[in-house]
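S.K.: Predicted model and sequence follow; I will ask about them next.
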Amino acid sequence: MDICVVGTGYVGLVSGVCFSDLGNRVTCVDVDESKIKKLLEGKSPIYEPGIEDFIQKNLNEGRLFFTTDLKKAMESAQIILIAVGTPRKQNGEADLTYIENVAESIGQNLQDYKIIVTKSTVPVGTGKIIKEIISRHAGDVKFDVASNPEFLREGSAIYDTLNMERAVIGVESEKAANLLKELHKPLTSNIVLTDIETAEMIKYASNAFLATKISFINEIANVCELLGADVTKVAEGMGYDKRIGNAFLQAGIGYGGSCFPKDTSALVAIAEQAGYDFRIVKDVEQVNKEQRFKVVDKLKVALKNDLKGKKISILGLAFKPNTDDMRDAPSVDVIPILQNEGAEVVAYDPVASENAQKVIPNLQVTDTMQEAILNSDAIVILTEWNEFKEMDLTEVARLVKQKIIIDGRNIFSIEKMEYMKFYYASIGRKTVSFN
């Protein structure tokens, strides 16, 4: 098939690259000329494991193209995928400005039948808006609109796309349904065919439910600390129940990134516009907002409420491992508090330091973990990178001034910390102390 993808962020670029790898001819479009120049050189503007190999392979094999010219990219395309951003407004609603602009441009350049598919996460009813905008500009040219939300995870986006658990396809015509089912046939046999509004809702409902699981286990963790229970064992015991499952039951400092915070807020706003008060999701958001500050409270206890002049080593800046994405990362909120308390904050992240310095004022970063923890009064773990899970604790003990670790991601066992004689405060478990 011939596919045009509008937008080269996580969703658009990964989708475009993967569809080209399956043998389709794919042209990715973006208004950002510097992005397109980089992509034409085989370099990715986003950090995602393995993506540059896929870009270079499909560029070389003549299936993948990049341009700023939407009109040219659309000419031979059977399917146009809209994958531009829908950032959060101040009131929590999704901002559809980019979606509407793309719909207008498609309508102005539409010459023959095409299926216009929304990959971006959009409020229920956006498909109708897109259809109206295109119709206004396209005249009598026939087209279909459809919804095909993505469910990929940053850090494993290529794997998730090529090994889809399900494809959700919202359509208005049999012609569009058949073509989109054919496109996804190599990826999954689990195809949920429905109307556009339901497809749009499936995405929001999925993300809100996963966010709810995270906030729920974090609330359980907070109770565990008060009662002397171990949340990791609680989660393990819960996870064996097939009705619950073990995914997203890792207690910590909450979720971040480009999806869960934005999508939960948007779902609350969608419900309010429909006249419904979505109380559960509101509470999920509030729990998540408060949870990231648990590490600050634990650090103050460890250092007896005196952070002034103390060197605090932050390990992990991105919202999750295997990405450089700083959107709604806990570090963005935690580090300024420590700085305001007079601490000397030094941070290390394997890939996100450059992006972090753009959003965290006066952030001091290092090139290695060892530099960051040298003469440290306390280590605070905010992201569960494998590099941190595998750190040599004997070396750490030798480098730091005080053997204090505040672990927001529960990457070490209590037994290991007891054996190594570290002061160790984690989430939902007892604190190890040798004072």
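M.R.: Sure, I can see it. These figures come from a predicted structure and were not determined experimentally.
S.K.: Only C-alpha atoms from now on, for both contacts and neighbour counts.
M.R.: Fine.
S.K.: So which residue is dead centre in this structure?
M.R.: Geometric centre of the chain, nearest residue: residue 257, 4.1 Å, by CA atoms, centre = their mean.
S.K.: mind listing what it touches?
M.R.: Residue 257 sits next to 319, 320, 325, 326, 327, 328, 329 when contact means CA atoms under 8 Å, 6 or more residues apart in numbering.
S.K.: Closest to residue 22 out of those?
M.R.: Nearest to residue 22, judged by CA to CA, of these is residue 325 at 27.2 Å.
S.K.: for the residue nearest to the centre of the chain, helix, strand, or coil?
M.R.: Assigned with DSSP: H, G, I helix; E, B strand; the rest coil, residue 257 falls in the coil class.
S.K.: of all the contacts of residue 257, which comes closest to residue 233?
M.R.: The closest of the contacts of residue 257 to residue 233 turns out to be residue 320 (CA to CA; 22.6 Å).
S.K.: May I ask you to confirm that that closest one belongs to a strand?
M.R.: No. Going by three-state DSSP, the assignment for residue 320 is coil, not a strand.
S.K.: which residues sit in contact with it?
M.R.: Residue 320 neighbours (CA under 8 Å, 6+ apart): 256, 257, 329, 383, 384, 385.
S.K.: mind checking pLDDT for it?
M.R.: You'll see residue 320 listed with a pLDDT of 96.
S.K.: State the distance from it to residue 291.
M.R.: Residue 320 sits 15 Å away from residue 291, going by CA to CA, to the nearest Å.
S.K.: just to revisit the earlier point, JSON lines for the contacts of residue 257, including distance to residue 359 and secondary structure?
M.R.: Putting those into JSON lines (distance: CA to CA, whole Å; DSSP: H, G, I helix; E, B strand; the rest coil) gives the following:
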{"residue": "319", "distance to residue 359": "13", "secondary structure": "coil"}
{"residue": "320", "distance to residue 359": "16", "secondary structure": "coil"}
{"residue": "325", "distance to residue 359": "11", "secondary structure": "coil"}
{"residue": "326", "distance to residue 359": "8", "secondary structure": "coil"}
{"residue": "327", "distance to residue 359": "9", "secondary structure": "coil"}
{"residue": "328", "distance to residue 359": "10", "secondary structure": "coil"}
{"residue": "329", "distance to residue 359": "10", "secondary structure": "coil"}
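S.K.: Tabulate those in TSV, adding columns for distance to residue 94.
M.R.: Listed next are the contacts of residue 257 as TSV, based on distance: CA to CA, whole Å:
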residue	distance to residue 94
319	21
320	23
325	19
326	19
327	15
328	15
329	19
